[in-house]
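Enquirer: The following block contains a protein sequence and its predicted model.
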Amino acid sequence: MDYILHVFYGIIMAYFGLISPGMLNMTALKIRINNGISESVKFAIGASVIVFIQAGIALYFADYFNKNPQIIERLKIAGVVVFLMLSIFFLYLSRKELNPKASNTKGNYFLKGIGMSSINMLGIPFYLGISIFLAAENKILIEQPYIILFVFGASIGSFLLFSTYIIFAKYISDKVSFIAKNINLILSILFLGLGIFTLVKILF
């Protein structure tokens, strides 16, 4: 059961961590509209492969910190900073207009997914902050084989999220401004709440 839970947490964290209309999922949407389902799925698979690597790197550092309790308190403070930065980032996105329309482009979309996901600088800090938070709440164990299960779940969750954008591409493209504004605002408030909650636990 613990194995399944770690995969589940990985899926949920990745899905909702990427749900905001951003560079990767909006690109998947554009490819679906302009180039078809198969090409957009290739892009989604490539992007999800990098999520697996990014989450793995994040959990590696989380495991290192977990084995060195003398820096746990500093790490918790770093987690607060990460959550507050994510809150500001999503607040910024909520005020930004997104345009899902794009010209028809060609190329290897699997490699494009890998390339674009690789330059997503929020990936590693996000999974590091989330994993530390979940571990502090005794929801996950930062040790093998649980790390690889969580990372595997994160990769699946990211692919499911990209698939959601691909399947509902037409609807999302019509409603993108409304969806982006509201989802990003909700995520901003969520990460602000997590930051405050973590800070309160540190102080008290």
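Expert: On my side now, so go ahead.
Enquirer: Quick check: residue 152 touching residue 10?
Expert: Yes - using Cβ atoms under 8 Å, residue 152 is in contact with residue 10, at 6.5 Å. All C-beta atoms are positioned from the backbone trio N, CA, C, and that covers glycine.
Enquirer: and these two? which has more neighbours close in?
Expert: More crowded of residue 152 and residue 10, by other Cβ atoms under 10 Å: residue 10, with 32 against 18.
Enquirer: any idea how far the residue nearest to the more buried one when sequence neighbours are not counted lies from residue 140?
Expert: Excluding its sequence neighbours, the residue lying closest to residue 10 (Cβ to Cβ, 6 or more residues apart in numbering) is residue 153, at 2.3 Å. As defined by Cβ to Cβ, to the nearest Å, residue 153 lies at a distance of 10 Å from residue 140.
Enquirer: Which neighbours do the two have in common?
Expert: With contacts defined as Cβ atoms under 8 Å, 6 or more residues apart in numbering, the residues shared by residue 153 and residue 140 are 6, 9.
Enquirer: And for residue 2, the neighbour number?
Expert: Neighbours of residue 2 (other Cβ under 10 Å): 10.
Enquirer: check contacts around it.
Expert: 141, 146.
Enquirer: pLDDT at it, what is it?
Expert: Listed pLDDT for residue 2 reads 84.
Enquirer: where does the chain have low pLDDT?
Expert: 20-21, 66, 68-76, 79, 93-94, 96-106, 175-184, 187, 204 (pLDDT under 70).
Enquirer: Apart from its chain neighbours, what residue comes closest to residue 13?
Expert: Per Cβ to Cβ, 6+ apart, closest to residue 13 is residue 130, 5.1 Å.
Enquirer: Pull out the buried residues from stretch 18-28.
Expert: 18-22, 24-28 (16 or more other Cβ atoms under 10 Å).
Enquirer: closest to residue 120 among those residues?
Expert: For these, the closest approach to residue 120 (Cβ to Cβ) belongs to residue 24, at 6.4 Å.
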